[in-house]
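Visitor: Please find the sequence and the predicted model below.
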Amino acid sequence: MDLSVVVNFILIIIAILMLFYIISSRSKNIILEESIVEEYTGAAKNPNKLAEPNDEALNEFDKLLENF
């Protein structure tokens, strides 16, 4: 067999596998989207907790202020 025939055969197999992967991942995404019941609102689940900084956040803020 000629080298170009072997390379073409390998590229065709890779292209078929890529198409199969894309189609299967698309079908998985469709199934996942159907299983999501609640609609995304963009609101925080616990907005009061966001107003209270934790120690790690305060330490990072101190580092930023020192660099500024």
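Guide: Now that the structure is in, tell me what you want to look at.

Visitor: any weak-confidence spans in the protein?
Guide: Applying pLDDT under 70 to the chain flags residues 32-38.

Visitor: Looking at it, which helix is longest?
Guide: Assignment by DSSP state H gives helix 3-35 as the longest helix of the chain.

Visitor: next helix or strand past that helix?
Guide: Helices and strands here follow DSSP states H and E; after helix 3-35, the next one along the chain is helix 47-50.

Visitor: What is that following helix packed up against?
Guide: The helices and strands touching helix 47-50, judged by 3 or more Cβ pairs under 8 Å, 6 or more residues apart in numbering; DSSP states H and E, number zero. For the C-beta atoms, the positions are set from N, CA and C on the backbone; glycine is no exception.

Visitor: Show me what counts as buried in it.
Guide: Buried positions in helix 47-50, judged by neighbour count with 16 or more other Cβ atoms under 10 Å: none.

Visitor: what's the following helix or strand after it?
Guide: Moving toward the C-terminus from helix 47-50, the next helix or strand (DSSP H and E) is helix 55-67.

Visitor: Send over that next one as PDB, restricted to the C-alpha atoms.
Guide: Provided in PDB are the C-alpha atoms of helix 55-67 (Å, rounded to 0.1, in the frame of the first residue of the first chain):
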ATOM      1  CA  ASP A  55     -11.600  35.500  56.500                       C
ATOM      2  CA  GLU A  56     -10.100  34.400  53.300                       C
ATOM      3  CA  ALA A  57     -11.800  37.100  51.300                       C
ATOM      4  CA  LEU A  58     -10.600  39.700  53.800                       C
ATOM      5  CA  ASN A  59      -7.000  38.400  53.700                       C
ATOM      6  CA  GLU A  60      -7.100  38.600  49.900                       C
ATOM      7  CA  PHE A  61      -8.500  42.200  50.100                       C
ATOM      8  CA  ASP A  62      -5.600  43.200  52.400                       C
ATOM      9  CA  LYS A  63      -3.100  41.800  49.900                       C
ATOM     10  CA  LEU A  64      -4.700  43.800  47.100                       C
ATOM     11  CA  LEU A  65      -4.600  47.000  49.200                       C
ATOM     12  CA  GLU A  66      -0.900  46.400  50.100                       C
ATOM     13  CA  ASN A  67      -0.100  46.100  46.400                       C
END
